[in-house]
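**Student:** The sequence isn't on hand, but the structure is:
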């Protein structure tokens, strides 16, 4: 393929929220150099141009998934992630999963934390051309205190458990943040809130003192590295925002104090509600406890007003799939958060697409470089059979994806080789509880 690529006869969604418009897109190397009449004029003057006919297609920026765990591998439980994931093998499997993302139109992700910190190695391998995959920004281990996280007493009181690293006191905090930056973290991830089993009825609680969160941000920011916080609950959101965190993940049950700080500082939020939305819509088919279904739906609904206010005030909302768990398998649900944004937050399809493209560049630390179809931007481009501005769900139909370009390079969309089971990879189970109803064949 030549250095010049002209994508012509398509309808462009540029990722800024603007209505679709008919235009050609000219790519030179890894950059978009012209859009519209200038693209056609420059192509006509060139001797060697590859033409891509996008008749009947939408030409738009590649999707950016701001919350995706490549090393978890469609896990069914925390114990599986904590105890079944070997380092080298999980990195190899993550590279396989990364190819699934490309085939779903995802050209960039933020992987906030990984087992063995091996997304750092995968990112470097992709950037070096050793393996294929989307652009990746990543964290190392998620920082927690001895009572943090969402795994309760499955998490060790010190050291590393799965994707968590326990830090206690000033010296450990400073040393670990600096170590992660040395390893190559693009972001420092902090589990600001967590569940304490004895007090689970309270929901997730803030497990850090304010001065500890302040210290994390101070050390990271001194080295030019941003900080993101997993925050569920009013107090965690407030403390994270007050400390100066650069991205809030989830942001459920926000109160006015937290809202004011987010509005004032324009701190981006990634709700990452695809996990909950899939549970709400499909959990009954998976045997999910009805009580959990109601809980997950409340989390989305109760946060909707806050998210609407943030969006209306110009706070960037990012889309994240939480892929890595069995309820959100890789390659299938990366568009789904856009449906959540339109259904619950009242966004138009174009506004939701902007969240998944232009705003997603924040997660990659590439604002102004990726996320829109405009001259000077990296050529991360999708050609979709259909119009996502009227039917957002076409972004979730693989057969509709006709072309993917990553940095101007055409991605092979042919199916991946079939993957076989890996010995010792999944957490074994002895099955359902053997009740009298099951024994007598009366249970559904």
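**Tutor:** Cool, the structure landed. This is a predicted model, so every value here is computed, not measured.

**Student:** so what's residue 353 up against?
**Tutor:** 13, 15, 17, 60, 338, 388-389, 392 (Cβ atoms under 8 Å, 6 or more residues apart in numbering). Where C-beta positions appear, they are placed from N, C-alpha and C, glycine not excepted.

**Student:** for the residues you listed, which one is nearest residue 190?
**Tutor:** residue 338 (26.8 Å; Cβ to Cβ).

**Student:** Could you report the separation of the closest one from residue 163?
**Tutor:** Distance, residue 338 to residue 163, by Cβ to Cβ, to the nearest Å: 26 Å.

**Student:** So for the two, which sits in the more crowded spot?
**Tutor:** More crowded of residue 338 and residue 163, by other Cβ atoms under 10 Å: residue 163, with 30 against 25.

**Student:** can I get the contacts of residue 353 in JSON lines with pLDDT, secondary structure and distance to residue 264?
**Tutor:** Shown next, in JSON lines, are the contacts of residue 353 (pLDDT from 0 to 100; DSSP: H, G, I helix; E, B strand; the rest coil; distance: Cβ to Cβ, whole Å):
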{"residue": "13", "pLDDT": "98", "secondary structure": "coil", "distance to residue 264": "31"}
{"residue": "15", "pLDDT": "98", "secondary structure": "coil", "distance to residue 264": "26"}
{"residue": "17", "pLDDT": "98", "secondary structure": "coil", "distance to residue 264": "23"}
{"residue": "60", "pLDDT": "98", "secondary structure": "strand", "distance to residue 264": "32"}
{"residue": "338", "pLDDT": "98", "secondary structure": "helix", "distance to residue 264": "27"}
{"residue": "388", "pLDDT": "98", "secondary structure": "coil", "distance to residue 264": "33"}
{"residue": "389", "pLDDT": "98", "secondary structure": "coil", "distance to residue 264": "32"}
{"residue": "392", "pLDDT": "97", "secondary structure": "helix", "distance to residue 264": "31"}
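
**Student:** Which of those residues sits closest to residue 198?
**Tutor:** Distances from residue 198 to those, taken by Cβ to Cβ, are shortest for residue 338, at 38.3 Å.

**Student:** so that closest one makes contact with residue 392?
**Tutor:** Yes: counting by Cβ atoms under 8 Å, residue 338 touches residue 392, with 5.2 Å between them.

**Student:** for residue 418, helix, strand, or coil?
**Tutor:** coil (DSSP: H, G, I helix; E, B strand; the rest coil).

**Student:** any idea how far the closest residue in space to residue 151 that isn't next to it in sequence is from residue 356?
**Tutor:** Nearest residue to residue 151, sequence neighbours excluded (Cβ to Cβ, 6 or more residues apart in numbering): residue 78, at 4.6 Å. As judged by Cβ to Cβ, residue 78 and residue 356 stand 28 Å apart.

**Student:** quick one: residue 318 and residue 361 touch, right?
**Tutor:** No: with contact defined as Cβ under 8 Å, residue 318 does not reach residue 361; the gap is 9.3 Å.

**Student:** Can you work out which residues contact both of those two?
**Tutor:** Here residue 318 and residue 361 have residue 64 as joint contacts, going by Cβ under 8 Å, 6+ apart.

**Student:** Tell me if residue 71 really is in a helix.
**Tutor:** No: counting by three-state DSSP, residue 71 is not found in a helix; it is coil.

**Student:** could you list every residue that touches it?
**Tutor:** Neighbours of residue 71 in contact, by Cβ under 8 Å, 6+ apart: 85, 90-91, 93-94, 111, 114-116, 118-119, 163, 324.

**Student:** Those in strands, which ones?
**Tutor:** The strands, defined by DSSP state E, take in residue 111 from those.

**Student:** surely residue 24 meets residue 8?
**Tutor:** Yes: at 4.3 Å, residue 24 and residue 8 qualify as touching, with contact defined as Cβ under 8 Å.

**Student:** neighbour-wise, which of the two wins?
**Tutor:** residue 24 (24 against 20).

**Student:** Tell me which of the contacts of residue 71 has the lowest pLDDT.
**Tutor:** Across the contacts of residue 71, the smallest pLDDT goes to residue 85, namely 92.

**Student:** Now do the contacts for the closest residue to that residue other than its chain neighbours.
**Tutor:** Distances taken as Cβ to Cβ, 6+ apart place residue 115 nearest to residue 85, at 4.4 Å, with adjacent residues excluded. Counting by Cβ under 8 Å, 6+ apart, residue 115 touches 71-72, 81, 85, 87, 90, 162-163.

**Student:** packing partners for the lengthiest helix in the chain?
**Tutor:** Identified as the longest helix of the chain according to DSSP state H is helix 290-312. For helix 290-312, the elements it packs on are strand 247-252, helix 256-265, helix 274-286, helix 336-345, judged by 3 or more Cβ pairs under 8 Å, 6 or more residues apart in numbering; DSSP states H and E.
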